[in-house]
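In: need a 3D model of the sequence below.
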Amino acid sequence: MTKQKEQALVVSQEQLADGIFSMWIQTKAADTTKPGQFISMYTNDGSKLLPRPISICEIDAVNGRLRVVYRVTGENTGTEQFSKLEAGDTIPVVGPLGNGFPYEKAAGKKVFLMGGGIGVPPILELAKQMECEKKQIVVGYRDAQTFLKEEFEQNGEVYISTEDGSVGTKGNVMDAIRENALDADMIYACGPTPMLRAIKAYAEENNIECYISLEERMACGIGACLACVCKSKEKDHHSNVNNKRICKDGPVFLSTEVEI
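Out: Model prediction:
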């Protein structure tokens with residue numbers, strides 16, 4: 001069934017770091033959202049017809065609220081318009097969309113929860129809901145602006161990498177794993193493609209079950225336009241080619257299902 005657009009209420013908004021904003025919205029989508037899913041957010045600007053897919057950072061089902069943490073991508077963009085919204089404003093949204101992380105599979109296991117860049121926010125709700133033997137949160141940032149760090153520390157063992165070496169390990173999330181001699185039975189990851197490619201290779205070399213959430217530019221967000229596809233090992237029933245629709249079949253995939 002096609003999900004309907006609704007007017008969500010902005011509850012609060014704050015800036016977490018340079019160009020990084022956090023917004024809580026009241027929406028019916030909170031009733032059924034799972035970690036790893038996303039919502040499509042529309043601007044109130046009629047000249048911008050396509051929505052922006054934004055991952056879910058936190059879920060407050062009791063109060064019917066979702067938290068999104070997003071990066072402003074430039075002037076006169078949809079995300080810049082989002083950043084100007086204030087409590088009491090409304091914003092059109094559709095969701096929840098896509099599939100989430102199968103976090104129930106982590107029961108009794110040592111786990112890596114890995115996020116990089118704007119792939120960091122969805123790892124927070126995953127960490128909050130996951131029950132496992134050992135929860136190791138490995139997150140990568142550009143610099144010392146380690147947004148969400150305190151929230152992560154309340155939900156697991158946290159290891160940080162920064163590109164400039166200002167906090168934690170200098171380098172990326174894989175460097176943090178090596179420097180701290182970490183190991184795991186399962187991996188859940190979200191971030192830019194180069195990071196996910198390295199994690200996928202590491203998981204396959206070490207025979208570790210791994211789930212990755214792919215980042216991609218999307219148009220419709222519901223799987224109709226085929227604008228956001230990745231190569232897959234099996235044929236897609238919708239298009240009959242070796243593609244998967246990231247918005248509809250994903251964004252979370254078993255790493256061995258896809259080629260990146």
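
In: could you use CA atoms for every contact and neighbour count after this?
Out: Noted.

In: please enumerate the strands of the stretch 101-250 of the chain.
Out: Shown for the stretch 101-250 of the chain, the strands assigned by DSSP state E, counting those that start in this stretch span residues 110-116, 134-141, 157-162, 169-170, 186-190, 209-213, 229-232, 243-245.

In: quick one: the second one to strand 110-116, angle?
Out: It stands for strand 134-141. 10 degrees (axes from the mean of the first three to the mean of the last three CA atoms, to 10 degrees).

In: next, the angle from strand 134-141 to strand 157-162.
Out: Computed by the same axes, to 10 degrees, the angle between strand 134-141 and strand 157-162 is 20 degrees.

In: pLDDT below threshold where in the protein?
Out: Filtered on pLDDT under 70, the chain yields the residue ranges 1-2, 47-48, 215-250.

In: can you check which strand is longest in it?
Out: With secondary structure taken from DSSP state E, the chain has its longest strand at strand 6-17.

In: picking up where we left off before, how about CSV for the strands of the stretch 101-250 of the chain, with distance to Y202 and mean neighbour count added?
Out: Shown next, in CSV, are these (distance: least, CA to CA, whole Å; neighbours: other CA atoms under 10 Å):
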stretch, distance to Y202, mean neighbour count
strand 110-116, 12, 24
strand 134-141, 14, 25
strand 157-162, 17, 22
strand 169-170, 18, 21
strand 186-190, 10, 25
strand 209-213, 10, 24
strand 229-232, 19, 18
strand 243-245, 22, 25
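
In: if we can go back for a sec, contact partners of the longest strand of the chain?
Out: Contact with strand 6-17 is made by 21-27, 83, 85-94, 145-147, as judged by CA atoms under 8 Å, 6 or more residues apart in numbering.

In: all helices of the protein, in order?
Out: Assigned by DSSP state H, the chain shows helices spanning 78-83, 121-129, 149-153, 173-179, 193-205.

In: partners of the longest strand of the chain, with directions?
Out: strand 20-26 (antiparallel), strand 90-97 (antiparallel) (DSSP bridges).

In: show me which residues of it are buried.
Out: 6-13, 16 (16 or more other CA atoms under 10 Å).

In: ok, back up a step: quick one: buried ones out of the contacts of strand 6-17?
Out: Neighbour-count burial (16+ other CA under 10 Å) applied to those gives 21-27, 83, 85, 90-94, 146-147.

In: closest one of the residues you listed to R65?
Out: The nearest member of those to R65, counting by CA to CA, is Q26 at 4.4 Å.
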